[in-house]
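Colleague: just a sequence and a predicted model for now, questions to come.
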There are 2 protein chains.
Amino acid sequence: MASTRTRTAGTKGVPRAEREEQLLTAAVEEFGRRGYGGASMAAIAERVGVTKPLLYQYFGSKDALYAAALERVAGSLTRALTAALAPGVTSLGTPLSVLGAIFTTLEGRRHAWFVLYDRTLPAAGALREAAERHRAAIDVLAAAGSAEFLAARGIADPLDSDALKHLWTGTVSTLVTWWIHHPGESAQEMAERCRRLITAIVA
Amino acid sequence: MASTRTRTAGTKGVPRAEREEQLLTAAVEEFGRRGYGGASMAAIAERVGVTKPLLYQYFGSKDALYAAALERVAGSLTRALTAALAPGVTSLGTPLSVLGAIFTTLEGRRHAWFVLYDRTLPAAGALREAAERHRAAIDVLAAAGSAEFLAARGIADPLDSDALKHLWTGTVSTLVTWWIHHPGESAQEMAERCRRLITAIVA
DNA sequence: CAGTGAACTGACCTCGGGGTCAGTTCACCC
DNA sequence: GGGTGAACTGACCCCGAGGTCAGTTCACTG
């Protein structure tokens, strides 16, 4: 007679590795959308059709889950960017190929970008440091480009160069935000639009 | 013998108008720093040396306080920008004077900008709408400039123009963020630095 | 078919933050 | 000097979110 009762506890046949994968994907989405503070563990679990305790059993804590999400996003982004920068083309085409790589990587998970660039993170704490460390790894690439860009125009002030670097990463954030508000736009279309805008601005 | 006891309740001689002023200033600072979700009413009250109930007696609710903070920031910003745009100089010097006006307005309360541009606001709700309404009033100015800029370069796509508008407001946010991280920089120095960078980019 | 371990949950604890109430102290005015 | 109202607080309620525990169901193996 136990058959009439709707099953509650008990395995659903999903192995741990696969479930972790699903949960991590949900975490990236949720953290990216609401930020660290705004996201709730229950909501992340529910996205996968599972409850909090399992999420905690697999990831330990909210901080650890965020760290894992950060690792994943930063990893794929860093890989894509170093690949895009490999050719060594140091002209003005570089930022375009960087944008293309970012859009392609983010296609289907556009909010992921904001796991890396989360203004919600508590000012003090290991999480903030981890995020900054990952960002730094990416910013190094932008820093070189910025300094070179300015040097070619006769500006050597290191603070100017630093500001330009921030301007660039900020621009990427802005573009991703705009992209999120225009879901119909594909990665290719975005890249094309950016090519048009950048050439218009710099020309 | 009541004199030995440290006073707790009872007026401190600060009239309501003045206290509201102090609380509003504290709210702008706190909301700008931590975002709507991250800021706490108790912290805002404590900044002024007062407790929660008084804050609630004067402003009613967290939403109402945020709305008031929004109103104040948007008001001073809109005033400063329309004044800066009044001369009608439609050359490339316009964005520079806009930046100058913004930096001057924000001097001493740099975080205030992020009350207007708060990524933490709940997606649904009157607060989000209010913020967007105030932003729109400012964006109108940016929109005209963006369209004009692109038209002069032979681009008429309205989506391109919209994207450029976002790019511009995003750039301002990025610059303010950088400014916050460099407290020594004065508003004038920031304006000068931006002049250098923008001419380098566009030239 | 009994035993084992992995997958999974309901119910609970705790703590911080929004919001409220019943006051208490003070300044001012007659 | 007593009354009135404004300025102000300690203590409280409630809820949502992080985190935990004691299980329950299932697949797999001997």
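Modeller: Thanks, I have the structure now.

Colleague: low-confidence ranges, chain A, go.
Modeller: Scanning chain A for pLDDT under 70 picks out A:1-6, A:88-92.

Colleague: check contacts around residue A:118.
Modeller: A:31, A:35-36, A:131 (C-beta atoms under 8 Å, 6 or more residues apart in numbering or on different chains). C-beta: built from backbone N, CA, C; applies to glycine.

Colleague: for those residues, which single residue is the most surrounded?
Modeller: Per-residue neighbour counts (other C-beta atoms under 10 Å in any protein chain shown) across the contacts of residue A:118 peak at residue A:31, which has 26 neighbours.

Colleague: residue contacts, that residue?
Modeller: A:39, A:66, A:69, A:114-115, A:118.

Colleague: now do 10 Å
Modeller: A:37-39, A:44, A:62, A:65-66, A:69-70, A:73, A:111-112, A:114-115, A:118, A:120 (C-beta atoms under 10 Å, 6 or more residues apart in numbering or on different chains).

Colleague: got it, and residue A:36?
Modeller: Here residue A:36 is in contact with A:62-63, A:66, A:69-70, A:115, A:118-122, A:125, A:127-128, A:131, B:38 (C-beta under 10 Å, 6+ apart).

Colleague: repeat for residue A:105
Modeller: Per C-beta under 10 Å, 6+ apart, neighbours of residue A:105: A:73, A:76-81, A:83-84, A:112-113, A:187.

Colleague: can you select the buried ones among the residues you listed for me in ChimeraX?
Modeller: This is how ChimeraX selects the buried members of the contacts of residue A:105, with burial counted by 16 or more other C-beta atoms under 10 Å in any protein chain shown:
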select /A:73,77,80,81,84,112,113,187
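
Colleague: a markdown table for the contacts of residue A:105, including secondary structure and distance to chain B?
Modeller: Formatted as a markdown table, the contacts of residue A:105 follow (DSSP: H, G, I helix; E, B strand; the rest coil; distance: C-beta to the nearest C-beta, whole Å):
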| residue | secondary structure | distance to chain B |
| --- | --- | --- |
| A:73 | helix | 17 |
| A:76 | helix | 22 |
| A:77 | helix | 19 |
| A:78 | helix | 21 |
| A:79 | helix | 25 |
| A:80 | helix | 22 |
| A:81 | helix | 19 |
| A:83 | helix | 26 |
| A:84 | helix | 21 |
| A:112 | helix | 15 |
| A:113 | helix | 12 |
| A:187 | helix | 15 |
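
Colleague: and of the contacts of residue A:31, the nearest to residue A:10?
Modeller: Taking C-beta to C-beta as the measure, residue A:44 is the one of those closest to residue A:10, at 21.5 Å.

Colleague: quick one: which of the contacts of residue A:31 sit in helices?
Modeller: If you go by DSSP state H, these have A:37-38, A:44, A:62, A:65-66, A:69-70, A:73, A:114-115 in helices.

Colleague: would TSV of these with distance to residue B:143 be doable?
Modeller: Below are the ones in helices among the contacts of residue A:31 laid out as TSV (distance: C-beta to C-beta, whole Å):
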residue	distance to residue B:143
A:37	32
A:38	29
A:44	37
A:62	40
A:65	40
A:66	37
A:69	36
A:70	35
A:73	32
A:114	25
A:115	31
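
Colleague: list the contacts for residue A:47?
Modeller: A:22-23, A:25-27, A:29-30.
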